[in-house]
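S.K.: Please find the sequence and the predicted model below.
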Amino acid sequence: MDRNVKRWNSWAAIAALIMVVAATGCSGPTPPEPEPLGPAAIISLDSVTTGPGTVHVPLRLTYTAGAEDRLDTPTCLRFLVSYDATVLNFSGDTDPGEAIAGWPSFDVEAIQQFTDSDSTVRGVRVIADRNGQNGGDHRLRDGIIATLAFQVPYHLDFAGVTTVVGFGAQDCTDNTISPESDRGITYMADTAYGRASHDAIAWSAVCERHLVFEPVLGFANGVVQIEDFDDPYLAAIVSVESISVSSGSWFDVPVTIRYPKYPLRAPVRLGGFDLLVVYDSTAMQFAGPIEKGLAITSWEYINARNGPMPDCGSCPLKTVRVVSIRDTNNGIVPNPPQDHPEGMLATLRFQSASDPALAGTSYDIGFMSLTCEDNVLEDISGNTHFFADQDYAKGDPRAVTATRCPPRLDQSFEWSLGFCRGRVYIVAP
């Protein structure tokens, strides 16, 4: 009897071992958890670079690769764009884009009181609806949903400023897409996706009771970069350009003219100029001759006179007076007119000192106003004269005259020129 029990126990142990081995061989290692699918679409605001005036910021939808079929046919979308009202001002102009082409209902709503805590934040709510339009192709496509127009102030305080345009939410229906589905779901953002933003989500208990949310949208902010810009009321900016030269060499220094890229005044038509350039004779000497630049090749007169700096004693500063006239009334009309020159006005020929010890040094070359008639541009009629003003010195305050010329009955004066000095860098030959 004991022998039979032992035999039975042996067979039971063998059977149990076989079952364990079989089970292990069939099941294998535990499979890894599937990776999350990520967002089906990214809602983004384009980053743009602009100057003062109107800037257009596109609101864009981009399906991720192979994900378009994850969204049921959308019938309504609602996004709330946020911006800083100290830098941008929403103009009210918004154009629908190709992503919602054929959708009959499109509207925008300006949000003046975005939050209770931050009074500088404003919003623009963009709403589009198919209104049950099932005929034709009314899909939600890749591309621009809408283009929003903002105004950037014409004020130098905003030159070079960067500001963010992003997404915010006042309630849980903002920044959502509602599909044509019998499941009663609403597509929304989820911060689990790296490009989503907490600011794009607003939860409420009321919404949770009435809506079923599916987090399949990613959101990406944009940036508005405002360029550095000149005062829009400047008539022109005159510059001596910087240059690198070797010691003991001959070189030409360009004198140029340009205008504000974003002007708020009519273009000036010029008939002449009188510029007083100042330089350090320690490192260079004016050698002449002066050459007309490409901007004034048809002008009829140009001349340069070298001289000492008045009341300077033994100081190394010297001057070059450059005078040019467009039309000398000789009966020949300049052709082309070139009465709004832009670019090179003239080149001044210098020779750098041969002293090797000057290598690695640099010297200013710019403008100096000794009287109220220095550094002046004259319009084509000869009746309006443009001078530098302290507010428009543009890096060369020496161009500003200490005393203004008294007004004349037959002429008008404008203190609306900018001047920029350059620098001569001496390098080893």
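M.R.: Received it, and whenever you're ready, just let me know what you need.
S.K.: Show me the shaky parts of this structure.
M.R.: 1-37, 68, 114-118, 132-138, 181-184, 190-211, 390-396, 401-410 (pLDDT under 70).
S.K.: Domains in it, by residue range?
M.R.: Here the domain parsing of the chain from automatic domain parsing is 41-226, 236-427.
S.K.: OK, contacts around Gly307?
M.R.: Going by C-beta atoms under 8 Å, 6 or more residues apart in numbering, Gly307 touches Lys318, Thr319, Val320, Arg321. No exception for glycine: its C-beta is placed from N, CA and C like everyone else's.
S.K.: got the residue ranges for the helices in the stretch 101-250 of the chain?
M.R.: Taking DSSP state H, counting those that start in this stretch as the test, the helices found in the stretch 101-250 of the chain are 205-210.
S.K.: Please give me every residue in contact with Val245.
M.R.: Contacts of Val245 by C-beta under 8 Å, 6+ apart are Phe251, Ser352, Val424, Tyr425, Ile426, Val427.
S.K.: Dump the C-alpha coordinates for the helix or strand hosting the fourth one into CSV.
M.R.: If I follow you right, that is Tyr425. Assigned by DSSP states H and E, Tyr425 belongs to strand 422-427. Below are the C-alpha coordinates for strand 422-427, written out as CSV (Å, rounded to 0.1, in the frame of the first residue of the first chain):
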residue,chain,number,x,y,z
GLY,A,422,31.5,104.5,-38.5
ARG,A,423,34.9,103.2,-37.4
VAL,A,424,38.2,102.6,-39.1
TYR,A,425,39.9,99.4,-37.9
ILE,A,426,43.7,99.2,-38.5
VAL,A,427,45.0,95.7,-39.0
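S.K.: picking up where we left off before, filter the contacts of Gly307 down to the buried ones.
M.R.: The neighbour count (16 or more other C-beta atoms under 10 Å) marks Lys318, Thr319, Val320 as buried among the contacts of Gly307.
S.K.: Make CSV from the residues you listed and add secondary structure and distance to Phe386 to it.
M.R.: Formatted as CSV, the buried ones among the contacts of Gly307 follow (DSSP: H, G, I helix; E, B strand; the rest coil; distance: C-beta to C-beta, whole Å):
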residue, secondary structure, distance to Phe386
Lys318, strand, 25
Thr319, strand, 20
Val320, strand, 20
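S.K.: which of those lies closest to Asp129?
M.R.: Distance to Asp129, by C-beta to C-beta, is smallest for Val320 among these, at 69.8 Å.
S.K.: roughly how far apart are the closest one and Asn383?
M.R.: 27 Å (C-beta to C-beta, to the nearest Å).
S.K.: what's the answer for Pro310, then?
M.R.: 29 Å.
S.K.: and what of Leu61?
M.R.: 57 Å.
S.K.: Comparing these two, which shows the higher neighbour count?
M.R.: More crowded of Leu61 and Asn383, by other C-beta atoms under 10 Å: Leu61, with 22 against 12.
S.K.: Show the subsequent helix or strand relative to the helix or strand hosting the more buried one.
M.R.: In this assignment (DSSP H and E), Leu61 forms part of strand 53-63. Using DSSP H and E, the next helix or strand after strand 53-63 towards the C-terminus is strand 74-84.
S.K.: how many neighbours does the residue lying closest to Ser246 once chain neighbours are set aside have?
M.R.: The shortest distance from Ser246 to any non-neighbouring residue, by C-beta to C-beta, 6 or more residues apart in numbering, is to Pro429 (4.1 Å). Using other C-beta under 10 Å, Pro429 has 12 neighbouring residues.
S.K.: so what's Pro429 up against?
M.R.: So Pro429 contacts Ser246, Ser247, Gly248, Ser249, Ala359 (C-beta under 8 Å, 6+ apart).
S.K.: Quick check, the last one in contact with Ile426.
M.R.: Yes. With contact defined as C-beta atoms under 8 Å, Ala359 reaches Ile426; the gap is 5.7 Å.
S.K.: Looking at these two, which one has more neighbours?
M.R.: Ile426 (24 against 13).
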